[in-house]
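S.K.: need a 3D model of the sequence below.
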Amino acid sequence: MTRKNENGSAQSPERVAAALKTLRTQIDKLDLQLLEMINKRAELAKQIGVVKSDTSSNVFSASREEEVFKNVLDNHKGPMPDISVRAIYREIMSGCRSLQRMQKVAFLGPDYSYSHIATLQRFGETVEFVEVGNIAAVFEEVNRRQADYGVVPLENSTDGRIADTLDMFIRMPQVKICSEIRMSIHHNLLAKCDQIEIRRVYSKPQALSQCRNWLAKNVPHASLLEVTSTTAAARLVRDEPNAAAVASRQAAVKYGLPIRFENIEDSPNNETRFAVIALTDSEKTGKDKTAVMFQIPHSPGALADVLSLFKTNKLNMTWIESFPYRSAKGEYVFFVEFEGHADEAKAKRTIAALNDSCLKLTVLGSFPAAELLD
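M.R.: Residues are numbered from 1 along each chain as shown. All right, here's what the predicted structure looks like:
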């Protein structure tokens, strides 16, 4: 059989094989050059680790890693997609970090829950994963220094705030936000049976909520049953007849389940924002956010007076939530996030003014503003 080249002329199998061999030889040479350069980078990372050990600096620096991503992607001309380049550099940095010290990162498990996927997106594969059963345990692991970092969901574009996370910030105000992860959430219906045979759909409450209209239309005869995580749902469905799970593509692969329907979330812009928590926050990058938590006097206009401080100091608020303060009936804690780093002049003035106006103020941390990851 002959093949045609790009000019339309026929090529013999021998010429095709020779051309492939030449191109693959070039790739092999480039692979060795890439390997050499990666290891040179790793040696420099080890030297940085020695310098950091003398100054007690953290191994993970969200600000520095965002700087690396920006530098690489700003200079990337293709043809490889940006998402692939980012993934490659994420793993390079993950491996380089491990040469300085292996990091422990706690997350709400099990594997291939959305929290686990977010953890992989931020830290890569070369960390020690600490799987826990609830959000409170993530905070506990970080607070007790059993983990260097934790990853917790903060808010979802469909369902809003994650109450368990906000509650833990109130309980442990010493825990800071040092990075954020914004991730598009795509739900899939996993089942070993046909659509018409599905009688039960398992998933985490938030996932069921984010797909409620699709589920009502497409599996109206099925009961919706809540479990602790999307991955736990997939695990159940692996062994149970006439059942389906709302879960990630990765969970389908892990448990060998067919994906019956993809992207069943009701909103095409479904996004969850995760906070990376630690006992320290992050350095300035020039494109940062700062999160604060405060209580105010229970008097008319108190909240309006506090919020006016952001306008006065020309700081743009990006997030605000009120949350019941469980230790005092009828009282609320407010969470506000604004553009800028706590070390910048405008932010310092605002924080000082907030401190004077609020009954209690906690700066939850400054961190680089993240891009949305699909």
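
S.K.: which stretches in the protein count as helices?
M.R.: 13-55, 62-74, 82-100, 114-123, 135-143, 163-171, 205-210, 212-218, 230-239, 249-255, 302-312, 345-357 (DSSP state H).

S.K.: pick the most buried one from those helices.
M.R.: Mean neighbour count (mean count of other CB atoms under 10 Å) peaks for helix 114-123 among the helices of the chain, with a mean of 24. The C-beta positions use only the backbone N, C-alpha and C, and glycine is treated the same way.

S.K.: other SSEs contacting that helix?
M.R.: Counting contacts by 3 or more CB pairs under 8 Å, 6 or more residues apart in numbering; DSSP states H and E, helix 114-123 is packed against strand 104-108, strand 128-132, strand 149-156, strand 176-184, strand 271-278.

S.K.: again, 7 Å this time
M.R.: Using 3 or more CB pairs under 7 Å, 6 or more residues apart in numbering; DSSP states H and E as the contact test, the elements touching helix 114-123 are strand 104-108, strand 149-156, strand 176-184, strand 271-278.

S.K.: and that helix, how far from the chain's centre?
M.R.: The chain centroid and the centroid of helix 114-123 are separated by 5 Å under CA atoms, centre = their mean, to the nearest Å.

S.K.: can you pull out the low-pLDDT segments for this structure?
M.R.: 1-9, 56, 327-330 (pLDDT under 70).

S.K.: now do 50
M.R.: Residue ranges of the chain with pLDDT under 50: 1.

S.K.: let me see the domain layout of it.
M.R.: As recorded under automatic domain parsing, the domains making up the chain are 20-100, 102-185+270-280, 188-268, 283-374.

S.K.: any idea how far the nearest residue to residue 293 once chain neighbours are set aside is from residue 290?
M.R.: Spatial nearest neighbour of residue 293, excluding adjacent residues (CB to CB, 6 or more residues apart in numbering): residue 362 at 4.6 Å. To residue 290, residue 362 is 12 Å away according to CB to CB, to the nearest Å.

S.K.: so the two - more neighbours on which side?
M.R.: For residue 362 versus residue 290, neighbours defined as other CB atoms under 10 Å are more numerous around residue 290 (25 against 18).

S.K.: looking at it, the more buried one is touching residue 335, isn't it?
M.R.: No. With contact defined as CB atoms under 7 Å, residue 290 does not reach residue 335; the gap is 11.7 Å.

S.K.: list the contacts for residue 175?
M.R.: 139, 142, 143, 169, 277, 279 (CB atoms under 7 Å, 6 or more residues apart in numbering).

S.K.: redo that, cut-off 6 Å
M.R.: 139, 142, 143, 277 (CB atoms under 6 Å, 6 or more residues apart in numbering).

S.K.: repeat for residue 103
M.R.: Neighbouring residues of residue 103 by CB under 6 Å, 6+ apart: 60, 127, 148.

S.K.: burial measure for residue 174, as a count.
M.R.: 10.
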